[in-house]
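Colleague: just need the structure, nothing else, for what follows:
(2 chains)
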Amino acid sequence: MTATAAAPQAGSGPRDAVPTLQVEDLRVAIDGREILHGIDLRVSKGEVHAILGPNGSGKSTLAYALMGSPRYEVTAGSVTFKGEDLLAMGTDERARAGLFLAFQYPTSIPGVQMGNFLRLAVKSRFGDAAVKGFRRELAEKLRVLKMDDSYMRRYLNEGFSGGEKKKAEILQMAMLKPEVAIMDETDSGLDVDAFRVVADGVNAMRGPEMGIVVITHYNRMLEYIKPDFVHVLIGGKIVKEGGPDLAQEVDRHGYQPILEELRAKGVEIELPEEAGATYGDREESEERRDPFRSHGRTAI
Amino acid sequence: MTTTADKLDLTSLPPAINVDPERERMLREAEKSLPLEYQAGWHDDVKPVFTTGKGLSRETVETISKMKGEPEWMTTVRLKAYDHFLERPMPNWGADLGQIDFEDIHYYLKPAEQQGKTWDDVPKDIKETFDKLGIPEAERSFLAGVSAQYESEVVYHSVLEEVAKQGVIFTDMDSGLREHPEIVKRYFGTVIPYKDNKFAALNTAVWSGGSFVYVPKGVHVAIPLQAYFRINAKNAGQFERTLIIAEEGSYVHYIEGCTAPVWSSDSLHSAVVELIAMKGATIRYTTVQNWSNNVYNIVTKRAVAYEDATVAWIDGNLGSKVTMKYPAVYLLGPRAKAEIVSAAFANNGQVQDAGGKVWHCAPETTSTITSKSVTKGTGKAEFRGWLKIYKGCTDSVSTMRCDAMLLDKQCYSGTTPKIEVDEERVALGHEATVSKVGEEELFYLMSRGLTEGDAMTQIVNGFIEPFTKELPMEYAVELNRLIQLQMDAAVG
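Modeller: Got it, this is the predicted structure:
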């Protein structure tokens, strides 16, 4: 595996004057407790960003706050999306503007058929006219994601396996064609085959029209979906940024060297508890399950 | 939770959920100031040709019977029922019926001299009424026989020839009594005698219209028989009487739909529906009711199922001020099956008191009772289930499930299951859930671009989907649309 992408330092190099998604000094609290202590992030279309960090560092909090979850309170900072004030928009407005979140733990909605839901979502985002080519496009995306047509009659995420849920998220992403997509731990809970299908699906979507933010704590995902920029998020702060090399560095040595480096500079980082209090902490065991541990790296 | 009877601990069943006397009081207050919002709230200028006027007396009952030229036995039954109605106290359980003024109701209205034989014979203004009701196109083409009750009389009735050719009788109850007195006399009041309850007594005394269906042995009626009922006269009581007999090995699906215009004073709808499924027969009875929110809808529905017979009650209730309805099946023969699926939507100030009742009276009988209720604003939904398994009904299987969804903080949902099991060799399941439209579900759907209203509608429609999927397509679509209207008001 070789890292070939030209890797300018984040925040420098030939980048848009105004990125599609611009996060400045974002502070977010849950139940009055501050989780994110000032995040800066610039994502433009065509770029793939990775946010790495141990459990409980605030990665999911960032994802949910950007999508406008009512559980998260933005206490300071600003976010613009395509030049508009994202924080002033409701969740549905953000989605219709072209922001997407692939959930770590997609919610089940009993009784709502996947196909009908997708049609409604596409209609909400692109208007009534978009429904015209819906079936053809859906068939194509299903093929890419190796999903059976019967998915469309199943209830949304109800009784889906971990892999099916993640595939369904990627399918929604493919149909909604976001300008910026945030993928929250999409690699967790996947077996090797599902992982490949999901990664291939994302790579097929990758292009100049979409910016992607991959949130993960395994470097494996980043070997398939190669990032242009890597941000390390620990204790609610982005503590280090770099190119794809940074991901490999973290993979080899873990987060300890970064923390030591910071400590040497006199920066104290509030370390998370072992299993972090992320949005989906009730299912944290799934998060901890490294699908590749038993297969070894060579397996993929 | 599934358990066998010998292990069943009746005390472990969930008690009534969320009962709060203060809320009860507030509900009563809210009921008094019911908003008169109703989308089908129009009224056509149809002049009743004959009416007994307001109020109920022995004379009213005699006049109704005389006007219809009924045989003496029916007059006698009516009068006995009337006496029982007077003696019988109002039910002291369930919804508050204190505001019903029996003296302020018309018990008989006859809109036209002759019953329409073909569509052309139907008076123009009445046709316009049906247009406004928006009877689905698919239904028109399907008209296995529209038996649409207008006022208290069936004005239009046509039976598709192929159905008639099979020997199926599908007519209004008055014609049924005139043309097939021997069948009616044999079965009338056998499943629901007038002593069943106060409202069954009232219906027996003053009944008018309703459907009479007789399916001969072995006949499979391929298309659903459909009827529309509506109330369209101030204080018109609607006391239709329906009797369906499915002979051995036959199959019939009967669909009843209701809409009603709005009126400022209380209206009463009190129907009686009797189903008789002979050996190996199947009866499906589907109802979607959408009464205006000033109507007391108190309906007695019961069925008997003999050996290997199946009865399914599919019962959807929107609207009305108060609905009390507990479709019942008595399983009288081995391997008989009962299925009761109901859905209720209780909007502001509305009370949906509904459920199901199954008595297992033979071995190897099966029953499922599924109830879905959605409450909004000051709406109130109460589920009452009554399951009884007699001694000797071995290897019977029963499942009772009731799911409630609360859309607002102040709405109420309760469950009152009653389970009596005298036989140990049975399998029994009971489950009750209460849920709210969760923040997580809303957030997930809205993160895909759905507005809050659309997201709510999806969640609610999804919740009652186990009911909706039992409906013919046009009804399912119509029901989803009605719920969307209710939800639009909910989100504001």
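Colleague: could you pull out the strands for the stretch 101-250 of chain B?
Modeller: Ranges of strands in the stretch 101-250 of chain B, per DSSP state E, counting those that start in this stretch, are B:109-110, B:147-150, B:153-157, B:169-172, B:211-215, B:225-230, B:241-246.
Colleague: pull out the buried positions in the top helix by length along chain B.
Modeller: Criterion DSSP state H: the longest helix present in chain B is helix B:473-491. Using 16 or more other CB atoms under 10 Å in any protein chain shown as the test for burial, helix B:473-491 gives B:474-476, B:478-480, B:482-484, B:486-487, B:490. For every residue, glycine as well, the C-beta is placed using N, CA and C.
Colleague: stretch B:443-457: end-to-end distance?
Modeller: Start-to-end span of stretch B:443-457 (CA to CA, to the nearest Å) is 14 Å.
Colleague: just the CA coordinates for stretch A:119-130, please, in PDB.
Modeller: Taking Å, rounded to 0.1, in the frame of the first residue of the first chain, the C-alpha atoms of stretch A:119-130 are listed here in PDB:
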ATOM      1  CA  ARG A 119     -38.300   8.300  -3.200                       C
ATOM      2  CA  LEU A 120     -39.600  10.800  -0.600                       C
ATOM      3  CA  ALA A 121     -36.100  11.800   0.400                       C
ATOM      4  CA  VAL A 122     -35.000  12.300  -3.300                       C
ATOM      5  CA  LYS A 123     -38.100  14.300  -3.900                       C
ATOM      6  CA  SER A 124     -37.400  16.500  -0.800                       C
ATOM      7  CA  ARG A 125     -33.900  17.200  -1.900                       C
ATOM      8  CA  PHE A 126     -34.400  17.700  -5.700                       C
ATOM      9  CA  GLY A 127     -38.100  18.400  -6.200                       C
ATOM     10  CA  ASP A 128     -40.900  16.500  -7.800                       C
ATOM     11  CA  ALA A 129     -39.100  16.300 -11.200                       C
ATOM     12  CA  ALA A 130     -36.300  14.100  -9.800                       C
END
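Colleague: so how far is that stretch off the chain centroid?
Modeller: Taking CA atoms, centre = their mean, to the nearest Å, one finds stretch A:119-130 lying 23 Å from the centre of the chain it belongs to.
Colleague: could you list the buried residues of it?
Modeller: A:119-126, A:130.
Colleague: Serialize the residues you listed to TSV and add fields for pLDDT and secondary structure.
Modeller: Output for the buried residues of stretch A:119-130, formatted as TSV (pLDDT from 0 to 100; DSSP: H, G, I helix; E, B strand; the rest coil):
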residue	pLDDT	secondary structure
A:119	94	helix
A:120	94	helix
A:121	96	helix
A:122	96	helix
A:123	94	helix
A:124	95	helix
A:125	95	helix
A:126	95	helix
A:130	85	helix
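Colleague: check these against chain B, which are close?
Modeller: Contacts with chain B within the buried residues of stretch A:119-130, counted by CB under 8 Å from any CB of the partner chain: A:120-121, A:124-125.
Colleague: now do the SS call for the closest residue to chain B within chain A.
Modeller: Of all residues in chain A, residue A:111 sits closest to chain B, at 2.9 Å by CB to the nearest CB. On the three-state scheme (DSSP: H, G, I helix; E, B strand; the rest coil), residue A:111 is labelled strand.
Colleague: tell me if I'm right that it and residue B:462 touch.
Modeller: Yes: counting by CB atoms under 8 Å, residue B:462 is a contact partner of residue A:111 at 2.9 Å.
Colleague: element containing residue A:259?
Modeller: Using DSSP states H and E, residue A:259 sits in helix A:256-264.
Colleague: residue B:394 too?
Modeller: For residue B:394, there is no host helix or strand (DSSP H and E).
Colleague: next one: the one 10 residues further on
Modeller: If you go by DSSP H and E, residue B:404 is part of strand B:396-406.
Colleague: quick one: strands adjacent to that strand?
Modeller: In the sheet, strand B:396-406 lines up against strand B:366-375 (parallel), strand B:426-436 (parallel) (DSSP bridges).
Colleague: put the alpha carbons of the next helix or strand after it into CSV.
Modeller: Following strand B:396-406 in sequence order, the next helix or strand is strand B:412-421 (DSSP H and E). The C-alpha trace of strand B:412-421 is given here as CSV (Å, rounded to 0.1, in the frame of the first residue of the first chain):
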residue,chain,number,x,y,z
TYR,B,412,-53.5,9.7,27.0
SER,B,413,-53.3,6.1,26.2
GLY,B,414,-54.4,3.2,28.4
THR,B,415,-54.7,-0.5,28.0
THR,B,416,-57.1,-2.7,29.9
PRO,B,417,-56.5,-6.3,28.9
LYS,B,418,-58.7,-9.0,30.5
ILE,B,419,-57.5,-12.5,30.2
GLU,B,420,-59.5,-15.5,31.5
VAL,B,421,-58.0,-18.9,30.9
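Colleague: ok, residue A:254 - contacts?
Modeller: When the contact criterion is CB atoms under 8 Å, 6 or more residues apart in numbering or on different chains, residue A:254 has no partners at all.
Colleague: try 10 Å
Modeller: Neighbouring residues of residue A:254 by CB atoms under 10 Å, 6 or more residues apart in numbering or on different chains: residue A:54.
Colleague: ditto for residue A:154
Modeller: By CB under 10 Å, 6+ apart, residue A:154 lies in contact with A:112-115, A:148, A:160, A:164, A:168.
Colleague: hmm, back to that, distance from the chain centre to the strand holding residue B:404, please.
Modeller: On CA atoms, centre = their mean, the centre of strand B:396-406 falls 18 Å from the chain's centre.
Colleague: what average pLDDT does it get?
Modeller: Averaging pLDDT along strand B:396-406 yields 93.
Colleague: ok so, going back, tell me the one among the ones next to chain B among the buried residues of stretch A:119-130 nearest to residue B:207.
Modeller: Lowest distance from residue B:207 to these (CB to CB) belongs to residue A:120, with 45.3 Å.
Colleague: what's near enough to touch the closest one?
Modeller: A:112, A:131, B:445, B:448-450, B:454-455, B:457-458.
Colleague: report the buried members of these.
Modeller: A:112, B:445, B:448-450, B:454-455, B:457-458.
Colleague: export these as JSON lines, with columns for secondary structure.
Modeller: Formatted as JSON lines, the buried ones among the contacts of residue A:120 follow (three-state DSSP):
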{"residue": "A:112", "secondary structure": "strand"}
{"residue": "B:445", "secondary structure": "helix"}
{"residue": "B:448", "secondary structure": "coil"}
{"residue": "B:449", "secondary structure": "coil"}
{"residue": "B:450", "secondary structure": "coil"}
{"residue": "B:454", "secondary structure": "helix"}
{"residue": "B:455", "secondary structure": "helix"}
{"residue": "B:457", "secondary structure": "helix"}
{"residue": "B:458", "secondary structure": "helix"}
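Colleague: got those residues as JSON lines, with pLDDT and distance to residue B:308 columns?
Modeller: JSON lines is the format used below for the buried ones among the contacts of residue A:120 (pLDDT from 0 to 100; distance: CB to CB, whole Å):
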{"residue": "A:112", "pLDDT": "94", "distance to residue B:308": "36"}
{"residue": "B:445", "pLDDT": "97", "distance to residue B:308": "44"}
{"residue": "B:448", "pLDDT": "97", "distance to residue B:308": "48"}
{"residue": "B:449", "pLDDT": "97", "distance to residue B:308": "51"}
{"residue": "B:450", "pLDDT": "96", "distance to residue B:308": "46"}
{"residue": "B:454", "pLDDT": "91", "distance to residue B:308": "45"}
{"residue": "B:455", "pLDDT": "94", "distance to residue B:308": "45"}
{"residue": "B:457", "pLDDT": "90", "distance to residue B:308": "41"}
{"residue": "B:458", "pLDDT": "93", "distance to residue B:308": "40"}
